[in-house]
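> predicted model follows, preceded by the sequence.
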Amino acid sequence: MRFELDISPLDLDLTLGCGQTFRWSCLADGSWAGVLGNQFVKIKRKGSTIEGDATPGGSDVESLVANFLRAKDDISRIQLELGKDPIIALGMRKMRGLRIVKLDEWECLISYILATYANIPRIMKMVDSVASEYGRKIAPGVHAFPERRLLAKASVGELAKLGLGYRAKYVHLACREIDEPALAEMMKTPYERLRTELIELPGVGEKVADCVSLFGFGRLESFPIDVWIQRALLRLYGVKGSYPKLRHFAIQKFGCFAGYAQEYLFHNERTMASKGACAFSNQ
DNA sequence: GCCCAGGAGTGTG
DNA sequence: CACACTCATGGG
């Protein structure tokens, strides 16, 4: 099932390779492959559009991809808004094609529970192991992320054997403390209350709750703070301190699109170390 | 071998 | 509210 989409601006390498999502991989020909719902999807840039194909294929594949890539985000408006801050304004235009993605709420919740105190390559491996072991097979060598009912069958010991470490019990408990109706209800919940409810789940603190709010529930005002963001805030703005303090600073500074600012800062800080160049600084 | 990682939970000052 | 400590483990 082939399709073509017009989403602009969009840089697939930036968007899918910057560590928001853990189940997309870049193939030898430069295309990207991942799973959306029960579809194995491949997408690639072709001129000004994005072309792709999906197996087993369905009539809704285009909308699945468009929703995943947040095609309706008005990047110009977002950057105009964020550009009120001169420091962000200086570097964000170089990252115009970096979009926030919209992940499945359940997959996002479990993925970011797994993401605590691990680096991105390892997180990808853990998520992939969980999918391979418990997810439904949808193509040769490709498994969907397991729905709650399937993942709930896994014991803590079995999950630990996949290399999840202390995260195994959190995943196991999360399968029991939340269900699909609750997730659907949370989609309608205002951000601050959603955040509070997420933090009540096992293995979910402020950082994970903010990531799940942003990538899973699409709340662009959310501003997750990890060690990279801490470094960026200290280096570029001279602020440091507790999570609540830094979060207050960011929300006040970046407003309703703080999530995009966070992603620009995150990507810059993470790549700067190897490239030695900061998009937000003239030095 | 060493350092670190998209932290959370728990206990203490 | 702010710290300090522990938790398991693999990637660079």
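Ah, there it is.
> going by C-alpha atoms from here, please, whenever you check contacts or count neighbours.
Noted.
> mind checking if the helix or strand residue A:198 falls within is in reach of DNA strand C?
Element membership for residue A:198, per DSSP states H and E: helix A:191-199. No - using C-alpha under 7 Å from any atom of the strand, we find that helix A:191-199 stays clear of DNA strand C, coming within 13.1 Å at best.
> then stretch A:21-30?
No - Stretch A:21-30 stays clear of DNA strand C (C-alpha under 7 Å from any atom of the strand), getting no nearer than 12.9 Å.
> quick check: buried residues in that stretch?
A:21-26 (16 or more other C-alpha atoms under 10 Å).
> end to end, how far does that stretch reach?
17 Å (C-alpha to C-alpha, to the nearest Å).
> from residue A:96, how far out is residue A:207?
Residue A:207 sits 25 Å away from residue A:96, going by C-alpha to C-alpha.
> between these two, which one's more packed in?
residue A:207 (20 against 17; other C-alpha atoms under 10 Å).
> wait, does the helix or strand that contains the more buried one contact DNA strand B?
Following DSSP H and E, one finds residue A:207 within helix A:206-211. Yes - judged by C-alpha under 7 Å from any atom of the strand, helix A:206-211 and DNA strand B are in contact via A:206-209.
> DNA strand C: which of the residues you listed is nearest?
Each of those was checked against DNA strand C using C-alpha to the nearest atom of the strand; the closest is residue A:206, at 12.0 Å.
> quick one, what contacts that closest one?
By C-alpha atoms under 8 Å, 6 or more residues apart in numbering, residue A:206 lies in contact with A:195, A:199, A:224, A:243.
> circling back: what residues sit buried inside the helix or strand that comes right after the helix holding residue A:207?
Next helix or strand after helix A:206-211 toward the C-terminus (DSSP H and E): helix A:227-237. Of the residues in helix A:227-237, A:229-233 count as buried by neighbour count, 16+ other C-alpha under 10 Å.
> DNA strand B: which of those is nearest?
Looking across these and measuring by C-alpha to the nearest atom of the strand, the closest to DNA strand B is residue A:229, at 5.7 Å.
> and the nearest residue to that closest one once chain neighbours are set aside, what is it in contact with?
Leaving aside its chain neighbours, residue A:229 sits nearest to residue A:266 (5.8 Å; criterion: C-alpha to C-alpha, 6 or more residues apart in numbering). Shown in contact with residue A:266 (C-alpha under 8 Å, 6+ apart): A:228-229, A:232.
> let's see it at 10 Å
The contact partners of residue A:266, by C-alpha atoms under 10 Å, 6 or more residues apart in numbering, come to A:18-19, A:224-232, A:260, A:272.
> off-centre distance for the helix or strand bottoming out on mean pLDDT in chain A?
None of the helices or strands of chain A scores lower by mean pLDDT, DSSP states H and E than helix A:258-275, at a mean of 92. What separates the centre of helix A:258-275 from the centre of its chain is 14 Å, taken as C-alpha atoms, centre = their mean, to the nearest Å.
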